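> Sequence and predicted model, in that order:
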Amino acid sequence: MVRMVKAKEDSINGMAEEAGSAAFVTSLTIIVASDDKERSQQSLNNIISAYSVYTDEYANELQYPSIELDFIPFIVKPLWRLIVNYAITYIFYPPNAFGINELSSLFHFPTRIYNRSDAIQWMQYKLVAAPDTIPKLEEENGRVMTGIIAEDYKK
Amino acid sequence: MKEKIGRMTQVYTNLSRLGKLDSRDTFMNFIFSKPRISLIYHYENGQLIFVVATYPEYESVLQSAIGSQYADASIEKIVKPNYFSKKYHEIIPLESEKDSVYTIKMYKNANDDQTNNLIDAISNIPKEDTVSVIMTISPLGENWNIATKEKVNRLYKNLDIDNKRSILSKPWKLIKFIFK
């Protein structure tokens, strides 16, 4: 093995770990919609710059296809829109392949402790399965018990 | 924090079996390449929701994969968000700068949850606008792992990741290599 800077070695160790785990071909698309054309462009730039946290000096970073966007936007934009609508991962896209740790860094579900943004829409309730002890209708008697009948029964 | 994010790696591991669930699924995957899942951050009316979309045949697998790791989560069906609801829209894909063997910065090496940076950027966008970050994933086979391990071995030896012989056998790689 060749001696190298520790940070670089750590980075390659991370790559080796990812090479041994499950991987997915991935397409990552940002869409900003607004009634103000200039504002939509500004918002898009803000979000692209937020992705700089994924830059690794010794490894990889995320970027956008600036040449296509600058020279043939009238061709590529409708194609990008098409692939978003049909959830395509390969065609018209540079194929990204990410391991499970990379994907977890890019998308994971929030927790109240670590993701405290007010913008996150938390659910006010939780759907749970019916308990196993719920009474069952053993014999068909031609009647169906509803909540209304049960309430009347109480009275 | 890392332990919580690490739970998501288990979800992805479970989902990596899609397309290989049984012989019918393997055949359908070969013909239609159907096992695809979209993971979406959707911001509308000042609220950010987390959406996961897939084909109906993978719904139960997806629900159990999420439910087993996020016991306190509730999964509900919603209609597909409208990404292009406003008059103007901007759309752009993101790509890796280098070959996929090189990893992006992962949560294990980050001091804070990296998605906070993205969520904060999204939450600063006016409530009238909508933002969608759509990540569509499809499982890769073992061939990718074999090829990537080979490339990592070359990196350990401080060599170029592409074997010169393989470059000569693939003309498009040769062109890329010359104009690099």
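Arrived safely.

> mind listing what B:Tyr41 touches?
Contact analysis of B:Tyr41 by C-beta atoms under 8 Å, 6 or more residues apart in numbering or on different chains lists A:Phe107, B:Leu48, B:Ile49, B:Phe50, B:Val51, B:Leu118, B:Ile119, B:Ile122, B:Val131, B:Ser132, B:Val133. Yep, even glycine has a C-beta here, placed from its N, CA and C like the rest.

> Bridged to it, which residues?
B:Phe50, B:Val133 (DSSP bridges).

> can you give me the strands for chain A?
A:23-34, A:62-63, A:96-99 (DSSP state E).

> okay if I get those as TSV plus distance to chain B, mean neighbour count and mean pLDDT?
Formatted as TSV, the strands of chain A follow (distance: least, C-beta to the nearest C-beta, whole Å; neighbours: other C-beta atoms under 10 Å in any protein chain shown; pLDDT from 0 to 100):
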stretch	distance to chain B	mean neighbour count	mean pLDDT
strand A:23-34	4	24	89
strand A:62-63	5	18	85
strand A:96-99	4	24	87
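
> JSON lines please, covering those and showing distance to B:Lys34.
Formatted as JSON lines, the strands of chain A follow (distance: least, C-beta to C-beta, whole Å):
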{"stretch": "strand A:23-34", "distance to B:Lys34": "14"}
{"stretch": "strand A:62-63", "distance to B:Lys34": "27"}
{"stretch": "strand A:96-99", "distance to B:Lys34": "19"}
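
> Can you say which of the ones you listed is nearest to A:Ser40?
strand A:23-34 (3.8 Å; C-beta to C-beta).

> who's in contact with the most centrally placed residue in chain A?
Closest residue to the average C-alpha location of chain A: A:Phe107 at 4.3 Å, with C-alpha atoms, centre = their mean. Shown in contact with A:Phe107 (C-beta under 8 Å, 6+ apart): B:Met8, B:Leu39, B:Tyr41, B:Thr115, B:Met135.

> Can you tell me which of those residues end up in strands?
B:Leu39, B:Tyr41, B:Met135.

> Quick one: those residues as TSV, columns for pLDDT too.
Listed next are the ones in strands among the contacts of A:Phe107 as TSV, based on pLDDT from 0 to 100:
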residue	pLDDT
B:Leu39	92
B:Tyr41	91
B:Met135	91
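
> For chain B, which segments count as strands?
Using DSSP E, strands in chain B cover B:37-44, B:47-53, B:88-96, B:130-139.

> can you list the weak-confidence ranges in chain B?
Applying pLDDT under 70 to chain B picks out residues B:163-180.

> one more time with 50
Along chain B, segments meeting pLDDT under 50 span B:180.

> Not counting its neighbours along the chain, what's nearest the residue nearest to the spatial centre of it?
In chain B, the centroid-proximal residue (C-alpha atoms, centre = their mean) is B:Ile137; its distance is 4.5 Å. Closest residue to B:Ile137 apart from its sequence neighbours, by C-beta to C-beta, 6 or more residues apart in numbering or on different chains: A:Phe24 at 3.9 Å.

> Please name the residues that touch the one you found.
Residues near A:Phe24 by C-beta under 8 Å, 6+ apart: A:Ala97, A:Phe98, A:Ile100, A:Leu103, B:Tyr12, B:Ser16, B:Ile137, B:Ser138, B:Pro139, B:Leu140.

> show me what contacts the second one?
The reference is to A:Phe98. Applying C-beta under 8 Å, 6+ apart, we find A:Phe98 in contact with A:Ala23, A:Phe24, A:Thr26, A:Leu106, B:Ser100, B:Ile104, B:Ile137.

> Would you point out the most distant pair within those?
Greatest spatial distance among the contacts of A:Phe98 (C-beta to C-beta): B:Ile104 and B:Ile137, at 14.6 Å.

> ok, B:Ile49 touching A:Met123?
No: checked against C-beta atoms under 8 Å, the pair B:Ile49 and A:Met123 is beyond contact range at 9.6 Å.

> Turn the ones in strands among the contacts of A:Phe107 into CSV, columns for distance to B:Trp144.
CSV is the format used below for these (distance: C-beta to C-beta, whole Å):
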residue, distance to B:Trp144
B:Leu39, 20
B:Tyr41, 26
B:Met135, 18
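
> B:Tyr55 versus the residue nearest to the centre of chain A, what's the distance?
Going from A:Phe107 to B:Tyr55 by C-beta to C-beta, to the nearest Å gives 19 Å.

> now do A:Phe74
Using C-beta to C-beta, A:Phe74 is found at 32 Å from B:Tyr55.

> So between the two, which is more surrounded?
Each of A:Phe74 and B:Tyr55 has its neighbours counted (other C-beta atoms under 10 Å in any protein chain shown); B:Tyr55 has more, 15 against 7.

> and the closest residue to the more buried one other than its chain neighbours, how many residues sit next to it?
Spatial nearest neighbour of B:Tyr55, chain neighbours left out: B:Lys34 (5.8 Å); criterion: C-beta to C-beta, 6+ apart. Neighbour count for B:Lys34, taken as other C-beta under 10 Å: 16.
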